[in-house]
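J.: My questions are about this predicted structure, shown below with the sequence.
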Amino acid sequence: LAKMLRKATHSALKICVRGMSNPAVQIPAVNNEPLSNFLPGSKLLDDVMEEIEKMRAAPTDVPIVIGGKEIRTDDVRYQYVPHDHKTKLAKFSYADETLINDAIESCLEARSRWEMTSFEHRAAVHLRAADRLAGKYRAKILAATILGQSKTLQQADIDAVAETIDFYRFSVQFAQDLYRMQPPKDFPRPIH
């Protein structure tokens, strides 16, 4: 089993070093995320206002997550709305040094697995995150940014939504471009 794992890891590493495991995969063309239209009565504006009311009504419980496991400590703290210091926006567990070190270890392990993941899969994760942010979670992220950072609706749309979506999509496009520009596997050739 150990020999098989070493061989599989070595094969995965060769794929990562070579670049894309399937260069035939075509990433969709990328354009900047259009900014939202917040006309009175629009569905998006109504959804954002509803999310703002939900968030103001009860603080969001934010656990510490290490290795996919939720952890709560007795040291509970709050994030307040910057322009309204009486309103608690989030309740979170404060991590001690041991939990921070556990989180670092978990992240290093996750990084190793992520580095061995094919480009196509990593690209799909980024593109799905962009699509979810552009659709299902747009109103929630806008509301959280408005309350958490005291941004206007337009500032939140630019700073938290459109720029993040562009980051995810353009990063995939730029990575694909870099992989396509890699020299052949047998380069440089020996001189005889």
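T.: Structure's in. What do you need?
J.: and E70, which of the three is it?
T.: Secondary structure, DSSP: H, G, I helix; E, B strand; the rest coil: E70 is strand.
J.: typo on my end, it should be P40
T.: coil.
J.: Do you know the pLDDT at it?
T.: We have a pLDDT of 94 for P40.
J.: Distance check, Y168 against R132.
T.: 10 Å (C-beta to C-beta, to the nearest Å). Just so you know, the C-beta spots here come from the backbone N, C-alpha and C atoms, and that holds for glycine as well.
J.: ok, these two, which is more surrounded?
T.: Neighbours per residue (other C-beta atoms under 10 Å) separate Y168 from R132, with Y168 holding more: 22 against 14.
J.: Report the contact partners of the more buried one.
T.: Counting by C-beta atoms under 8 Å, 6 or more residues apart in numbering, Y168 touches 126-127, 129-130, 133.
J.: Just the element for H85, please.
T.: Following DSSP states H and E, one finds H85 within strand 84-93.
J.: which element follows that strand toward the C-terminus?
T.: helix 97-115.
J.: For that following helix, what does the pLDDT average out to?
T.: Rounded mean pLDDT across helix 97-115 is 96.
J.: Now do the buried residues in it.
T.: Residues of helix 97-115 classed as buried by neighbour count (16 or more other C-beta atoms under 10 Å): 102-103.
J.: Convert it to PDB, retaining C-alpha atoms only.
T.: The C-alpha trace of helix 97-115 is given here as PDB (Å, rounded to 0.1, in the frame of the first residue of the first chain):
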ATOM      1  CA  GLU A  97      -2.200  29.500  20.700                       C
ATOM      2  CA  THR A  98      -2.900  25.800  20.700                       C
ATOM      3  CA  LEU A  99      -5.900  26.100  18.300                       C
ATOM      4  CA  ILE A 100      -3.900  28.500  16.100                       C
ATOM      5  CA  ASN A 101      -1.100  26.000  15.800                       C
ATOM      6  CA  ASP A 102      -3.600  23.200  15.100                       C
ATOM      7  CA  ALA A 103      -5.100  25.400  12.300                       C
ATOM      8  CA  ILE A 104      -1.600  26.000  10.800                       C
ATOM      9  CA  GLU A 105      -0.900  22.300  10.700                       C
ATOM     10  CA  SER A 106      -4.300  21.600   9.200                       C
ATOM     11  CA  CYS A 107      -3.700  24.200   6.500                       C
ATOM     12  CA  LEU A 108      -0.300  22.800   5.600                       C
ATOM     13  CA  GLU A 109      -1.800  19.400   5.200                       C
ATOM     14  CA  ALA A 110      -4.600  20.800   3.100                       C
ATOM     15  CA  ARG A 111      -2.100  22.700   1.000                       C
ATOM     16  CA  SER A 112      -0.300  19.500   0.200                       C
ATOM     17  CA  ARG A 113      -3.500  17.800  -1.000                       C
ATOM     18  CA  TRP A 114      -4.500  21.000  -3.000                       C
ATOM     19  CA  GLU A 115      -1.100  21.100  -4.800                       C
END
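J.: Sounds good, over and out.
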